[in-house]
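Enquirer: model this:
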Amino acid sequence: MPAKPSLELLRSLTDEHVLRALMQARRLTRADLATRTGISKPTVGESVRRLTEAGLLVDTGQRTAGGRGRGRVGSYYALADDIGATLVFSIAPEGVVAECVDVYGDVVSRAEQQIRRPARPAQVAAALRAAATQAQHSAGLPTRLAVVSAADPVDRTTGRLIHLPDAPFLLGQLSPVDVLASHVDVPVIVDNDVNWAAQAEREHGGTGTLDDFAYVFLGEGLGCAVISDGAVRRGHAGIAGEIAHIITAGPQGQATLFTEVFAELGVRRAGSTAVDVERLLSTVAGPDPDAVAMREALGRAIRNPTRRQADQRPKRSLSPSIRRFSAYELSRRSLRPSLAGVPGGWRPADDRRRSPPPHRHSGERKIPADNSDTGVTLTYPNIDVAR
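Expert: Numbers count the residues shown, from 1 in each chain. Down below sits the predicted model:
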């Protein structure tokens, strides 16, 4: 006979439902809470009492209009003002951004720190500390959690940023957890920015829940997140989305590393492996044959990563882990996702819109996808996705 849940567990679950309801509605009576959560009024009342005694809830002093056939007067409850906030960080080539976000998801304070290129770990660490200090000081709220979105692979066990060959951004390894240890005495969650973006698209895409899809970022760097059964699949080492090193179809049809496609097309930044987005945009624009050929080459590279025979493979060797956990191999050969959303910086800066769902193509430019009706949506994930 299965064991029954303990009373302490049931109370904890009730308290969580009450807190989540107040995070969404900001103020509610006990009767409102019972209606929203589907929990009985006496049980909700006990939860409100516990949470109030713990300092998490407060009686706002506001009352419902009771009496004369309108029932009892009800008291409105809300989350305590000093319940705390989350520090959200974005580490990207554009710089380090820190935002203090309250329990309602509102940004209370924001700080930015510029970084030079190529970025070195010591420089990024200093920018991270400075942004954290500014954001915390401006917010004046206790920090309960820290979340980091990084434009680099992340070791899923330690939270360290991993340096891979030909990485266009950070040169070297960095541990945001260690860097922030002197500023926050709370859990620090670190993940790749594209993984955060994929989770945000799944939860807030606007057309119901998406459980199986590939979310590919195309900008100065290349990244991918694979969602399967509603969860991000990171691989053993956390580098499942590093599609820059998988083999795909090159401009001449030969097997080529994805990152080398841009070198062959002449759209890399000088002295760097980063994609020169402005040059790429200007090159693919227009109806002339060169632009058409460029668009077709990009379409083949994006849609057709493949493995060729040993004598057709590029000279550079790939680590077994990168091959084994290639996001595109997972998505195309195993997961068969319902769609492949492709955001990124490959659109004019003034034409970027914040976080549209990947399946909405209306009004957005597409890159040809080899006779497939799945286009690529050109958007730009930012710090919003980590909130």
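Enquirer: Against A270, how distant is the residue nearest to the spatial centre of the chain?
Expert: The centre of the chain sits closest to W196, judged by CA atoms, centre = their mean, with a distance of 1.5 Å. From W196 across to A270, the span is 30 Å (CB to CB, to the nearest Å). Where C-beta positions appear, they are placed from N, C-alpha and C, glycine not excepted.
Enquirer: Same question for R234.
Expert: In terms of CB to CB, R234 sits 33 Å off from A270.
Enquirer: what's the answer for E201, then?
Expert: 33 Å.
Enquirer: between those two, who's got more neighbours?
Expert: Counted by other CB atoms under 10 Å, E201 and A270 do not tie: E201 has more neighbours, with 26 against 6.
Enquirer: In terms of helices and strands, where is that one?
Expert: Here E201, judged by DSSP states H and E, is contained in helix 193-204.
Enquirer: so how many other residues sit close to S182?
Expert: 10.
Enquirer: which residues sit in contact with it?
Expert: R129 (CB atoms under 8 Å, 6 or more residues apart in numbering).
Enquirer: just the one 10 residues further on next, same as before
Expert: Taking CB under 8 Å, 6+ apart as the contact definition, N192 lies against 149-154, 223, 225, 238, 241.
Enquirer: would CSV of these with distance to V88 and pLDDT be doable?
Expert: Shown next, in CSV, are those (distance: CB to CB, whole Å; pLDDT from 0 to 100):
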residue, distance to V88, pLDDT
S149, 7, 91
A150, 12, 89
A151, 15, 86
D152, 17, 85
P153, 20, 85
V154, 15, 88
G223, 19, 82
A225, 18, 87
G238, 20, 76
G241, 20, 80
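Enquirer: Walk me through the domains of the protein.
Expert: As assigned by automatic domain parsing, the chain contains the domains 7-56+73-79, 85-186, 196-386.
Enquirer: Can you add distance to Q62 and give the ones you listed back as TSV?
Expert: As requested, the domains of the chain are exported to TSV (distance: least, CB to CB, whole Å):
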stretch	distance to Q62
domain 7-56+73-79	4
domain 85-186	17
domain 196-386	30
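Enquirer: Of all those, which one is nearest T64?
Expert: For T64, the closest of these is domain 7-56+73-79, at 4.0 Å, according to CB to CB.
Enquirer: That closest one: how far from the chain's middle?
Expert: On the basis of CA atoms, centre = their mean, to the nearest Å, domain 7-56+73-79 sits 30 Å off its chain's mean C-alpha point.
Enquirer: Need the distance between the two termini of it.
Expert: Separation of the first and last residues of domain 7-56+73-79 by CA to CA, to the nearest Å is 24 Å.
Enquirer: pLDDT averaged over it - what is it?
Expert: The average pLDDT within domain 7-56+73-79 is 92.
Enquirer: Since that was my last question, I'll sign off now.
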